[in-house]
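K.L.:
need coordinates for the below:
(chains A and B)
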Amino acid sequence: QVTLKESGPGILQPSQTLSLTCTFSGFSLSTYGMGVGWIRQPSGKGLEWLANIWWDDDKYYNPSLKNRLTISKDTSNNQAFLKITNVDTADTATYYCATIAAISPFDYWGQGVMVTVSS
Amino acid sequence: DIQMTQSPSSLSASLGDRVTITCRASQDIGNYLSWFQQKPGKSPRLMIYGATNLEDGVPSRFSGSRSGSDYSLTISSLESEDTAIYYCLQYDKYPNTFGAGTKLELK
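P.N.:
Predicted coordinates for the structure are as follows:
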């Protein structure tokens, strides 16, 4: 059974760095063809893809966030991470992590973690 | 970036109706198109991948199709549990891009 759970700081101030953790079970990020992605959703708005990391450590980012994103993984501990630097109120959202298989992206999702950026 | 133009933005239909939601891709994405269902307060759920493939556990009243650059999600006979927001996603090229969503309500 595949499960994912996001964790984060809850609230942070503008200009700080947001660090998110996705802890998962039921699959391994060292398995050929597996990946984890991060997606966010401001309250009442649509979904925005942020980044993907693959089993071979290949990484892809949404350029709209202008090099503020860093995705990484800890295969031994079944975790994936996302850092967003220099946050702004526009980064207030629910952040999700999700699995990516070779043919079906984002087939399993975490419950999401709410992040508020406020001074 | 590839733009996914989703329509309609909202839709009101009656139980038993046939419902169709469409996404148009601004560039060729082949069949790299998925559909997600999101209910209030819940995470999105994958419904269709590869434009036409039904994810395991999804009711057979849901189907996906493609005509050129237009991709459609169809519910053959609407049930009350289908009220949700539906999003398309292209995953052919980075950045992956979602449609703006379609809010499906009961009339």
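
K.L.:
give me the element the residue nearest to the spatial centre of chain A is part of.
P.N.:
Nearest to the geometric centre of chain A sits residue A:38, at 3.0 Å (CA atoms, centre = their mean). Under the criterion DSSP states H and E, the helix or strand holding residue A:38 is strand A:35-41.

K.L.:
can you tell me how far the residue nearest to residue A:68 when sequence neighbours are not counted is from chain B?
P.N.:
Distances taken as CB to CB, 6 or more residues apart in numbering or on different chains put residue A:85 closest to residue A:68, at 4.8 Å, once the chain neighbours are dropped. C-betas here are computed from N, CA, C, even on glycine. Between residue A:85 and chain B the computed distance is 18 Å (CB to the nearest CB, to the nearest Å).

K.L.:
which is the next helix or strand following the strand holding residue A:38?
P.N.:
Following strand A:35-41 in sequence order, the next helix or strand is strand A:48-54 (DSSP H and E).

K.L.:
before we move on, back to that, packing partners for the strand holding residue A:38?
P.N.:
With contacts defined as 3 or more CB pairs under 8 Å, 6 or more residues apart in numbering or on different chains; DSSP states H and E, the secondary structure elements packing on strand A:35-41 are strand A:18-25, strand A:48-54, strand A:79-84, strand A:93-100, strand A:105-109.

K.L.:
could you rerun that using 10 Å?
P.N.:
Counting contacts by 3 or more CB pairs under 10 Å, 6 or more residues apart in numbering or on different chains; DSSP states H and E, the secondary-structure elements packed against strand A:35-41 are strand A:18-25, strand A:48-54, strand A:59-61, strand A:69-74, strand A:79-84, strand A:93-100, strand A:105-109, strand A:113-117.

K.L.:
now render these as a markdown table, adding distance to residue B:18, mean neighbour count and mean pLDDT.
P.N.:
Output for these, formatted as a markdown table (distance: least, CB to CB, whole Å; neighbours: other CB atoms under 10 Å in any protein chain shown; pLDDT from 0 to 100):
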| stretch | distance to residue B:18 | mean neighbour count | mean pLDDT |
| --- | --- | --- | --- |
| strand A:18-25 | 38 | 19 | 98 |
| strand A:48-54 | 30 | 23 | 97 |
| strand A:59-61 | 37 | 18 | 97 |
| strand A:69-74 | 41 | 17 | 98 |
| strand A:79-84 | 40 | 20 | 98 |
| strand A:93-100 | 30 | 24 | 97 |
| strand A:105-109 | 26 | 22 | 94 |
| strand A:113-117 | 37 | 18 | 98 |
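
K.L.:
Throw these into a markdown table and include distance to residue B:39, thanks.
P.N.:
Below are the helices and strands packed on strand A:35-41 laid out as a markdown table (distance: least, CB to CB, whole Å):
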| stretch | distance to residue B:39 |
| --- | --- |
| strand A:18-25 | 22 |
| strand A:48-54 | 19 |
| strand A:59-61 | 28 |
| strand A:69-74 | 28 |
| strand A:79-84 | 25 |
| strand A:93-100 | 14 |
| strand A:105-109 | 12 |
| strand A:113-117 | 17 |
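
K.L.:
what helix or strand is the residue positioned nearest the centre of chain B located in?
P.N.:
Nearest to the mean C-alpha position of chain B, counting by CA atoms, centre = their mean, stands residue B:35 at 3.9 Å. Residue B:35 is part of strand B:33-38 when elements are defined by DSSP H and E.

K.L.:
that older thread, the residue nearest to residue A:68 contacts residue A:14, correct?
P.N.:
No: checked against CB atoms under 10 Å, the pair residue A:85 and residue A:14 is beyond contact range at 11.6 Å.

K.L.:
which parts of chain A sit against chain B?
P.N.:
Taking CB under 10 Å from any CB of the partner chain as the criterion, chain A approaches chain B at residues A:4, A:6, A:37, A:39, A:41, A:45-52, A:60-65, A:94, A:96, A:98-101, A:103-112.
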